[in-house]
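Trainee: sequence-free structure coming up:
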């Protein structure tokens, strides 16, 4: 299936070109086709590499293994669902001046954004990995600012400054790791993942540890780890809802994937304990801080943004615990979080179209006035809170059980306490929006006369995400379980 390595990035690239050539209607159809074709292809790739097979192309510059496929699946899912949701989300504004040009720019950038995030797991070396991560910053910043409001432009500018600073630190991590490898691989070489891992026994411990910490801080800026997270709430709040879903479920995961490639080298060089402890520190900081921020939000998109920081902290803790079950749960959490956060941000976008406000206090009685959206928003809140029958519950349960198995009692206790604290904030605020009875004059509160469902496309995208959330909570397919097991072996340096 080597051909798939070429076809996968070609799909969003062709969709971008097709969008620029045609009108906005054809652009939406092409984007939809590109998104679902990408999703189908990532699933096919996952089945092909689930037992440890590696796909390589372009002279070794492109590479797919089981670990990268986990993150490709998250991107493929959100790309497809965002393409569907965007048809309805943008269609509401068809009558506004300049809509045609805006829609063409939006769909072209959405496809480019998907392309950049697919290229991250496809990169085979640390240099290319850094370049494509920088590309994700450029494209996503343009999408954050696409509405051209003062708040959106400020959020995009803040994002570019902080993310670029972080990636500068990450570049230093690449340079240090490359310099360390010269002792084993010669004065000039391509810093491929597998080459460095194969010669990791010859790498000095101190430079490897330093490069990992720098990568954790640098790429952690894009992940949203505390304390380098400050761009994230603004960007997620101001971006269009489909873009917010991809930022949260796919971009943050892609940045985390970059850190995990450094983690692989650290493990192979005998620095596993150091790398795990570093991940636990950042995971705890992110989980604790985000949980408190969730409690005091008045903007529901910012609420979901802080929830993303919380869940990235949970993934970091799962990897840091080091237990096979916890690591597999953390990798599953990448997919379950992507589906749940896609559902949540799509629901937020539908609420915004119905109520014309991002303020929690401005949304009331959504369960009755927008029954589909209200139900989906409540389901997303329950899923993100880790309630049973959701995929998030399954992945978090595996992390907790694995943590107990490796005697990580303090870390597990922190996870349970602060995940439940975040649960209180999410459920309380969501319950107010969905279940609170409306006052006599809703227009006086929400600024609109009659909130209602605006598009079947928006509902369909939410249902698609909900299906994945519930399906993974009920049962993990054998192929996915095998893929996660193989990815765990790859990450932890076993079974090579």
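Mentor: Cool, got the structure. Keep in mind that what you see is a predicted model, and the values were worked out from it rather than measured. Numbering: from 1, shown residues only.
Trainee: show me where pLDDT drops low in this protein?
Mentor: For the chain, residues meeting the criterion pLDDT under 70 lie at 439-449, 494-496.
Trainee: what's residue 96 sitting at in phi/psi?
Mentor: phi -70, psi 150 (degrees, to the nearest 10).
Trainee: how about it: what's its closest non-neighbour residue?
Mentor: residue 102 (8.0 Å; CB to CB, 6 or more residues apart in numbering). All C-beta spots, glycine's among them, are computed from the backbone N, C-alpha and C.
Trainee: now swap in residue 329 and tell me
Mentor: Per CB to CB, 6+ apart, closest to residue 329 is residue 398, 2.8 Å.
Trainee: how about the helices of the stretch 301-450 of the chain, start to end?
Mentor: Secondary structure of the stretch 301-450 of the chain (DSSP state H, counting those that start in this stretch): helices at 324-355, 366-369, 371-384, 391-405, 409-435, 442-446.
Trainee: could I get these as TSV with distance to residue 92 and mean neighbour count?
Mentor: As requested, the helices of the stretch 301-450 of the chain are exported to TSV (distance: least, CB to CB, whole Å; neighbours: other CB atoms under 10 Å):
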stretch	distance to residue 92	mean neighbour count
helix 324-355	5	28
helix 366-369	16	20
helix 371-384	13	24
helix 391-405	30	23
helix 409-435	19	19
helix 442-446	16	16
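Trainee: could you dump those helices into JSON lines and include distance to residue 121?
Mentor: Below are the helices of the stretch 301-450 of the chain laid out as JSON lines (distance: least, CB to CB, whole Å):
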{"stretch": "helix 324-355", "distance to residue 121": "11"}
{"stretch": "helix 366-369", "distance to residue 121": "36"}
{"stretch": "helix 371-384", "distance to residue 121": "24"}
{"stretch": "helix 391-405", "distance to residue 121": "19"}
{"stretch": "helix 409-435", "distance to residue 121": "26"}
{"stretch": "helix 442-446", "distance to residue 121": "41"}
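Trainee: and residue 310, which of those helices is closest to it?
Mentor: Of all the helices of the stretch 301-450 of the chain, it is helix 409-435 that lies closest to residue 310, at 5.1 Å by CB to CB.
Trainee: and the closest one, how far out from the chain middle?
Mentor: 20 Å (CA atoms, centre = their mean, to the nearest Å).
Trainee: likewise stretch 241-255?
Mentor: On CA atoms, centre = their mean, the centre of stretch 241-255 falls 4 Å from the chain's centre.
Trainee: that stretch: end-to-end distance?
Mentor: End-to-end distance for stretch 241-255: 20 Å, by CA to CA, to the nearest Å.
Trainee: with stretch 314-329 instead?
Mentor: End-to-end for stretch 314-329, by CA to CA: 10 Å.
Trainee: which stretches in this protein count as strands?
Mentor: 55-57, 62-64 (DSSP state E).
Trainee: tell me the strands beside the first one, with direction?
Mentor: Taking DSSP bridges as the criterion, strand 55-57 pairs within the sheet with strand 62-64 (antiparallel).
Trainee: show me which positions of the strand it pairs with end up buried.
Mentor: 62, 63, 64 (16 or more other CB atoms under 10 Å).
Trainee: now do the last one against residue 122, distance only.
Mentor: Separation of residue 64 from residue 122 (CB to CB, to the nearest Å): 6 Å.
Trainee: which neighbours do the two share?
Mentor: Overlap of the contact sets of residue 64 and residue 122 (by CB atoms under 8 Å, 6 or more residues apart in numbering) consists of 5, 72.
Trainee: mind listing what residue 179 touches?
Mentor: So residue 179 contacts residue 207 (CB under 8 Å, 6+ apart).
Trainee: sorry, slip of the keys, the one I care about is residue 257.
Mentor: 67, 68, 71, 120, 121.
Trainee: max pairwise distance over these: which two?
Mentor: Most distant of the contacts of residue 257, by CB to CB, are 67 and 120, 12.0 Å apart.
Trainee: if we can go back for a sec, can you list the buried residues of strand 62-64 in CSV and add distance to residue 429?
Mentor: CSV is the format used below for these (distance: CB to CB, whole Å):
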residue, distance to residue 429
62, 43
63, 43
64, 40
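Trainee: quick one: which of the residues you listed is nearest residue 181?
Mentor: Among the buried residues of strand 62-64, residue 63 lies closest to residue 181 (CB to CB), at 17.6 Å.
Trainee: just to revisit the earlier point, how about CSV for the strands of the chain, with distance to residue 298 added?
Mentor: Output for the strands of the chain, formatted as CSV (distance: least, CB to CB, whole Å):
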stretch, distance to residue 298
strand 55-57, 47
strand 62-64, 43
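Trainee: nearest to residue 160, out of these?
Mentor: strand 62-64 (27.4 Å).
Trainee: now the closest one, how far from the chain's geometric center?
Mentor: Distance, centroid of strand 62-64 to centroid of chain: 20 Å (CA atoms, centre = their mean).
Trainee: do the same with stretch 216-235
Mentor: On CA atoms, centre = their mean, the centre of stretch 216-235 falls 13 Å from the chain's centre.
Trainee: and that stretch, end to end?
Mentor: With CA to CA, one end of stretch 216-235 sits 21 Å from the other.
Trainee: of the contacts of residue 257, which is the nearest to residue 235?
Mentor: Looking across the contacts of residue 257 and measuring by CB to CB, the closest to residue 235 is residue 120, at 17.9 Å.
Trainee: that closest one: how many residues sit nearby?
Mentor: 26 (other CB atoms under 10 Å).
Trainee: before we move on, what about residue 58?
Mentor: 12.
Trainee: in this structure it contacts residue 8, no?
Mentor: No. Judged on CB atoms under 8 Å, residue 58 makes no contact with residue 8 at a distance of 12.0 Å.
Trainee: re earlier: my guess is the residue nearest to residue 329 meets residue 331, correct?
Mentor: No. Using CB under 8 Å, residue 398 and residue 331 do not qualify as a contacting pair, with a distance of 9.6 Å.
Trainee: circling back: and of the strands of the chain, who's closest to residue 170?
Mentor: strand 62-64 (19.6 Å).
Trainee: can you tell me which of the contacts of residue 257 is closest to residue 472?
Mentor: Using CB to CB, those come closest to residue 472 at residue 71, 15.9 Å.
Trainee: does the closest one touch residue 334 like I think?
Mentor: Yes. With contact defined as CB under 8 Å, residue 71 reaches residue 334; the gap is 6.4 Å.
Trainee: before we move on, back to that, quick check, nearest of the contacts of residue 257 to residue 432?
Mentor: Using CB to CB, residue 71 comes nearest to residue 432 of these, at 34.6 Å.
Trainee: which residues sit in contact with the residue nearest to residue 96?
Mentor: 93, 96, 146.
Trainee: tell me which of the residues you listed is nearest to residue 475?
Mentor: The closest of those, once distances to residue 475 are taken by CB to CB, is residue 146, at 38.7 Å.
Trainee: measure the closest one to residue 90 for me?
Mentor: 11 Å.
Trainee: give me the distance from stretch 368-375 to the chain's centre.
Mentor: Worked out by CA atoms, centre = their mean, stretch 368-375 lies 26 Å from the chain centre.
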